[in-house]
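In: need a 3D model of the sequence below.
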Amino acid sequence: MNLKLSFLCLSIYCVTLSDAMTIGDQIKEAFIGIVIDSESFLRADDHGTVINCGSTNMSLTWTPKILDPKRTLTIEGYAKFPAEFESGTLVIEVKYLFIQRTIKLPVTCSMMQDYGVPVKCPVKQNQMVQGQFTIKDLSALQYLHGTIEVKIFLFNSHMTQLFCGSVTAEVN
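Out: Residues are numbered from 1 along each chain as shown. Predicted structure coming up:
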C-alpha cells in the first residue's frame, strides 16, 4: 500500500510525501516551484571586481555580479587621480565572442557627474574620488549572453592616463 501524506502545500506548489522519496528529495521538489533562477537572489558576495591595469590607486566593485539588461548596475569604490582632470578621452575596449571593438569618446568631468559619478570638478592631482553610482539602463546588453571582457581607460587632455580598469563579466 502506497500511503501518501500531504506534507507541505504552498499557494503555488504542493509537495506530496511518499515512501519512495527521501525527505531531502521532497525538500528539493518543494523549492523547484519557488526558486526558478538562483542567480536572481543577491548574496553578500554577489559582486564583481574591477582589476586595476594601471598605476592609479583604486578599488572598484559592481553589483550584481551577473549583468542583466533588465536590471540596474551599481558601481562602488574609490580612485585617486594621479593628475588633474577637467576633460579628456575615455577609451573602451570590448571583446565578446570573436568580436573586438575599441571606442574612443570625448569626456568631461561634468559629463561624469551627469552620469552619477561622485566627482567634484575639476579633479585636482592626487584627489580621491569615492562613492557609488548606479547605471540604470543596461539595454545595450540585451543581445549578449555569456562572457564579455571590457577594458576602460581614462586620459586627461594632456593624454596622461588617469585610470585603467579591466572587467570580465557574465551577461545573463
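In: off-centre distance for the helix or strand that residue 134 is a member of?
Out: Assigning secondary structure by DSSP states H and E places residue 134 in strand 128-135. How far strand 128-135 lies from its chain's middle: 14 Å, per C-alpha atoms, centre = their mean, to the nearest Å.
In: packing partners for the helix or strand immediately after it in the chain?
Out: Using DSSP H and E, the helix or strand that directly follows strand 128-135 along the chain is strand 146-156. The helices and strands touching strand 146-156, judged by 3 or more C-beta pairs under 8 Å, 6 or more residues apart in numbering; DSSP states H and E, are strand 87-96, strand 161-171. Just so you know, the C-beta spots here come from the backbone N, C-alpha and C atoms, and that holds for glycine as well.
In: and the closest residue to residue 106 other than its chain neighbours, how far is that from residue 78?
Out: Among residues not flanking residue 106 along the chain, residue 89 sits closest, at 6.3 Å (C-beta to C-beta, 6 or more residues apart in numbering). The gap separating residue 89 from residue 78 is 22 Å, by C-beta to C-beta, to the nearest Å.
In: next one: residue 57
Out: As judged by C-beta to C-beta, residue 57 and residue 78 stand 8 Å apart.
In: please apply the same query to residue 113.
Out: For residue 113, the distance to residue 78 - C-beta to C-beta - is 17 Å.
In: what's stretch 124-139 in contact with?
Out: Residues from elsewhere that reach stretch 124-139 (C-beta atoms under 8 Å, 6 or more residues apart in numbering): 67-84, 115-120, 123.
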